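Novice: sequence first, predicted model second:
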Amino acid sequence: MPITHSSPTTPPALPAESTVISIKDLDFSYPDGHIALQSISLSIKEGEKIALVGPNGAGKSTLMLHLNGILSGRGDLEVGLLPLNKQNLPVIRSLVGLVFQNPDDQLFSPTVFEDVAFGPLHMGLSEDEVYARVEAALAQVDMRGFENRLSHHLSTGQKKRIAIATVLSMHPQILVLDEPSAGLDPRARRGLIELLRELPLTMLVSTHDLRMAKELFPRMVIMDEGKIVADGETGVLLKDEGLLEKHGLEGV
Amino acid sequence: MTRQNIFDQYTAKTSPIHRLSPIVKVVVAVLFIFSNTLLPDGAWLSFALSGGIILTLTLLAKLEWHYTLKRSLIVLPFALAGISALFSLPGKTLAIWHIGSLELILTDAGLLRFESILVRSWLSVQIAILLVATTTFPDLIHALEHLRLPKMLVTVVAFLYRYMTVLSDEALRLLRARQSRSALLPNPPHSDDFSRPALGKLRTKVLTTKTRGGGSLLWRARTAGNMVGQLFLRSYERSDRIYHAMLSRGYSGHLRTLNPHSMESRDWLLIVLAFIFIALLQLFAHIS
């Protein structure tokens, strides 16, 4: 008894060199009154690879949760030329591939297959398409043949790769990763860096790993206390020792 | 920190039983359990026949013949729940015990009922063990889904399966953190020598004093309570993050699944055959 899904959510095609995400004057405070984001303005162009750095509590994760409408603050947010609102939410969630820091939160299904298939299934794609996308996404992160493995039996490095595959299968226009290299041993970290280098996607990656930022991301955004305090070329910002020190970062 | 959890009892083998559709296996196992509970007291031949079925299936699944026997022993203590049957049926008196003012009369009918309860639950547990040994847990979850169990219930079981180890690891970390801090003073204050915490002396001190690290029973009970609270809070926060992860991938309140298992005519035939066989067994048990 095949289940037929109504109205697949297909994103509109974007012209090259266009803006994938544009944020204007975004403010957000948590219900307890803690101000997490203050007048954030950021625009991300197609193909850009950006590192988002800053001390713990700077608002990096909060900002990321805004990009696909999990949290919504005051201000304008457009993803793929679509303003963030209730109608656009399903499409926007398929455009923004958000990978959480802890893979145990990201991988919530018993098997790897079910987790990677979750996104495509809930986008309303046909069964054949879902199978094809799972296979392709696992191949992209170099985890072919892991379909029937149980998530809780994987190593941390493997979990991180599968976590990335779970959003790649949705064919997002931008990959948003929350501290992907945290908790990885040097070899797994190296593997992850190579993987991110090869993925041909627009990327916004929050990290404390400035060496990785230097290697992979030409543009860097520094946040502190809910504000963007610097936005520019990674190489240039990393040389500004005064700036780094002021915001609790260490040069490499 | 990946350890085997209680759900992971699957033994990977290639056998006709392993290849069976999980839906068929779940249906037959439930039928068999129903059949066990319906067998009359003291239908020893039928009990033996049921045991024979389990043995045959175990061998067909290429498991050792005592596989289910060995694993079923851990649940036998639960059969003690039936112990009241010993003394609550009228019949020929076998023995009388006096416990205080209480008089317990063991009757032959009661004994028969108790033994039958024991055998029935034992047989039922064995078929369940066989089911999880020959079916992967995700397949079992799919089977329950196909059998139209409420979706919410199946989802809860699936989450439980996924997060069992995560949760037990978290509990283990909390326990270790408590142990690491439940230390004993190297030189207890009542010691006459404060200035020289020599190792040899320390060892004799620890071995001879009866004080336990970690304070009084009440204090430790309070710590345990705090830990349970911690565990709950952490799980609660985790559930929030998981929900966010689900939302991020398009979840909108309605879970969708693929259907990798479809019932073929062979599967229907097997279920019908099993049903007929069990009906015959019941008929035999009730007329003999």
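Specialist: Done, it's in. Residues are numbered from 1 along each chain as shown, chains lettered A, B, ... in the order given.
Novice: could you use CA atoms for every contact and neighbour count after this?
Specialist: OK.
Novice: the spatially most central residue of chain A in helix, strand or coil?
Specialist: Against the mean C-alpha coordinate of chain A, by CA atoms, centre = their mean, the closest residue is residue A:176 at 1.2 Å. Remark: residue A:176 carries the secondary structure label strand [criterion: DSSP: H, G, I helix; E, B strand; the rest coil].
Novice: give me the beta-bridge partners of it?
Specialist: Taking DSSP bridges, one obtains residue A:98, residue A:204 as the residues bridged to residue A:176.
Novice: which residues are in contact with it?
Specialist: Going by CA atoms under 8 Å, 6 or more residues apart in numbering or on different chains, residue A:176 touches A:64, A:96-99, A:203-205.
Novice: redo that, cut-off 6 Å
Specialist: A:97-98, A:203-205 (CA atoms under 6 Å, 6 or more residues apart in numbering or on different chains).
Novice: from those residues, pick the one nearest residue A:245.
Specialist: Closest to residue A:245 out of the contacts of residue A:176 is residue A:205 (20.9 Å), distances taken as CA to CA.
Novice: how about the residues of the stretch 1-150 of chain A near chain B?
Specialist: Contact residues (CA under 6 Å from any CA of the partner chain) of the stretch 1-150 of chain A with chain B: A:93, A:105-106, A:110, A:119, A:122.
Novice: can I get these in TSV with secondary structure and neighbour count?
Specialist: Converted to TSV, the residues of the stretch 1-150 of chain A next to chain B look like this (DSSP: H, G, I helix; E, B strand; the rest coil; neighbours: other CA atoms under 10 Å in any protein chain shown):
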residue	secondary structure	neighbour count
A:93	helix	27
A:105	helix	20
A:106	helix	27
A:110	coil	23
A:119	helix	29
A:122	helix	25
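Novice: least confident of the residues you listed?
Specialist: By pLDDT, residue A:110 ranks lowest within the residues of the stretch 1-150 of chain A next to chain B, coming in at 87.
Novice: need the nearest residue in space to it, chain neighbours excluded.
Specialist: Excluding the flanking residues, the one nearest residue A:110 by CA to CA, 6 or more residues apart in numbering or on different chains is residue B:162, at 5.2 Å.
Novice: mind checking the SS state of the one you found?
Specialist: Under three-state DSSP, residue B:162 falls in the helix class.
Novice: picking that back up, kindly reformat the residues of the stretch 1-150 of chain A next to chain B as a markdown table and extend each row with distance to residue B:245.
Specialist: Formatted as a markdown table, the residues of the stretch 1-150 of chain A next to chain B follow (distance: CA to CA, whole Å):
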| residue | distance to residue B:245 |
| --- | --- |
| A:93 | 11 |
| A:105 | 7 |
| A:106 | 6 |
| A:110 | 15 |
| A:119 | 10 |
| A:122 | 13 |
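Novice: which members of the residues you listed are the farthest-apart pair?
Specialist: A:93 and A:110 (22.8 Å).
Novice: what parts of chain B come near chain A?
Specialist: B:2, B:162, B:242, B:245, B:248-250.
Novice: now do the SS call for the spatially closest residue to residue B:113 that is not a sequence neighbour.
Specialist: Leaving aside its chain neighbours, residue B:113 sits nearest to residue B:41 (5.8 Å; criterion: CA to CA, 6+ apart). Using three-state DSSP as the criterion, the local structure at residue B:41 reads coil.
Novice: cool, and residue A:41?
Specialist: Here residue A:41 is strand, with the state taken from three-state DSSP.
Novice: kindly report the same for residue B:10.
Specialist: Three-state call for residue B:10 (three-state DSSP): coil.
Novice: the closest residue to it other than its chain neighbours: which element?
Specialist: With CA to CA, 6+ apart as the criterion, residue B:10 has its nearest non-adjacent residue at 4.2 Å, and that residue is residue B:133. For residue B:133, the element it lies in under DSSP states H and E is helix B:108-134.
Novice: quick check: next helix or strand after the helix or strand of chain B with the lowest mean pLDDT?
Specialist: In chain B, no helix or strand scores lower on mean pLDDT, DSSP states H and E than helix B:199-208, which sits at a mean of 51. As assigned by DSSP H and E, the chain's next helix or strand after helix B:199-208 is helix B:217-248.
Novice: and the helix holding residue B:133, what does it pack onto?
Specialist: Packed against helix B:108-134, as judged by 3 or more CA pairs under 6 Å, 6 or more residues apart in numbering or on different chains; DSSP states H and E, are the following elements: helix B:85-88.
Novice: if we go to 10 Å?
Specialist: Helix B:108-134 sits against helix B:16-19, helix B:22-38, helix B:44-60, helix B:67-72, helix B:85-88, strand B:93-99, helix B:137-146, with contacts defined as 3 or more CA pairs under 10 Å, 6 or more residues apart in numbering or on different chains; DSSP states H and E.
Novice: so for residue A:48, which of the ones you listed sits nearest?
Specialist: Across the helices and strands packed on helix B:108-134, closest to residue A:48 is helix B:137-146 (CA to CA), at 39.4 Å.
Novice: quick one: mean pLDDT over that closest one.
Specialist: 88.
Novice: likewise stretch A:232-246?
Specialist: Taken as a whole, stretch A:232-246 has an average pLDDT of 93.
Novice: can you give me the buried ones in it?
Specialist: A:234, A:237-238, A:243-244 (16 or more other CA atoms under 10 Å in any protein chain shown).
Novice: go on, stretch A:141-155?
Specialist: Neighbour counts over stretch A:141-155 (16+ other CA under 10 Å) mark A:141-143, A:146-147, A:150-154 as buried.
Novice: repeat for stretch B:37-56
Specialist: By 16+ other CA under 10 Å, the buried positions in stretch B:37-56 come out as B:37, B:39-42, B:46-47, B:50-51, B:54-55.
Novice: could you export that stretch as CSV, CA atoms only?
Specialist: The C-alpha trace of stretch B:37-56 is given here as CSV (Å, rounded to 0.1, in the frame of the first residue of the first chain):
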residue,chain,number,x,y,z
THR,B,37,-2.8,-18.5,27.1
LEU,B,38,-5.9,-20.3,25.9
LEU,B,39,-4.5,-23.8,26.5
PRO,B,40,-6.4,-25.4,29.4
ASP,B,41,-4.6,-26.3,32.7
GLY,B,42,-2.6,-29.4,32.6
ALA,B,43,-2.8,-29.9,28.8
TRP,B,44,0.7,-31.3,29.0
LEU,B,45,0.7,-32.9,25.6
SER,B,46,-0.3,-29.6,24.0
PHE,B,47,2.3,-27.7,26.0
ALA,B,48,4.9,-30.2,24.8
LEU,B,49,3.7,-29.7,21.2
SER,B,50,4.0,-25.9,21.6
GLY,B,51,7.5,-26.4,22.9
GLY,B,52,8.2,-28.6,20.0
ILE,B,53,7.1,-25.8,17.6
ILE,B,54,9.6,-23.4,19.3
LEU,B,55,12.4,-25.9,19.1
THR,B,56,11.7,-26.5,15.4
